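> could you look at this predicted model? Sequence included:
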Amino acid sequence: MTNLKRETRFIEIMISNVLDGLDRTPYRLTKSEKAKALKVLEVKKPNRDSSNVSRAGRNRILINLSYWQIKNVEAGVVKFRTTKAQTKDGYVWWTEYKSFDNDPRCGGMFVKVGDVDHGNLIQVTHELSHYVQYTLWYSDKSRWAHMRQPHGEGFKQIYRILRDRFVNDEQARVSFLMECNGQECFEYIG
């Protein structure tokens, strides 16, 4: 299996498991909406910086494995400065949008240099929060009106849940990533 195919499979596994993490919340998706997430997923690893972005909506989830923050994690350097000094030996600061970078549950956080899986998990949970918010908004625009703003409160409510369950707690994150990297997960999805 080529490296990009293996990384794509890993992202698919993450997505399936992370979406299941919303099952007992108001943001639960249907089985077909979860399946659609995998159908609209595109994982890429471009060599150019000009297309170095990840994004998601209800009809597309784009995960860029060459995202500038992933490059920071790989190299151990910070490409962009944050609003305050964020330093910790052996770590880089993963920056979120300025409006919520300081949020203790869904804002920026330290990522150990070289821990690309941690960085990709942050990226996946962020983009899945967009996929969920827009899927819900499109399904019932009056009920989910608060989901329309890209990084508004609706997005942050979903993102906080996903970050709390899969990213913020180191033991939970390491366990989840080990499970997703394990052979049984590859057999489960495949």
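Right, received. Where do you want to start?

> Thr25: neighbouring residues, count only.
Using other CB atoms under 10 Å, the number of residues around Thr25 comes to 13. Just so you know, the C-beta spots here come from the backbone N, C-alpha and C atoms, and that holds for glycine as well.

> show me what counts as buried in the helix or strand where Glu74 lies.
Assessed by DSSP states H and E, Glu74 sits inside helix 68-75. For helix 68-75, a neighbour-count test (16 or more other CB atoms under 10 Å) marks 69-73 as buried.

> dump those residues to JSON lines, plus distance to Arg173 and pLDDT.
As requested, those are exported to JSON lines (distance: CB to CB, whole Å; pLDDT from 0 to 100):
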{"residue": "Gln69", "distance to Arg173": "16", "pLDDT": "89"}
{"residue": "Ile70", "distance to Arg173": "16", "pLDDT": "90"}
{"residue": "Lys71", "distance to Arg173": "21", "pLDDT": "88"}
{"residue": "Asn72", "distance to Arg173": "18", "pLDDT": "88"}
{"residue": "Val73", "distance to Arg173": "14", "pLDDT": "91"}
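
> from the residues you listed, which single one is nearest Trp93?
Nearest to Trp93 out of these is Asn72 (CB to CB; 8.3 Å).
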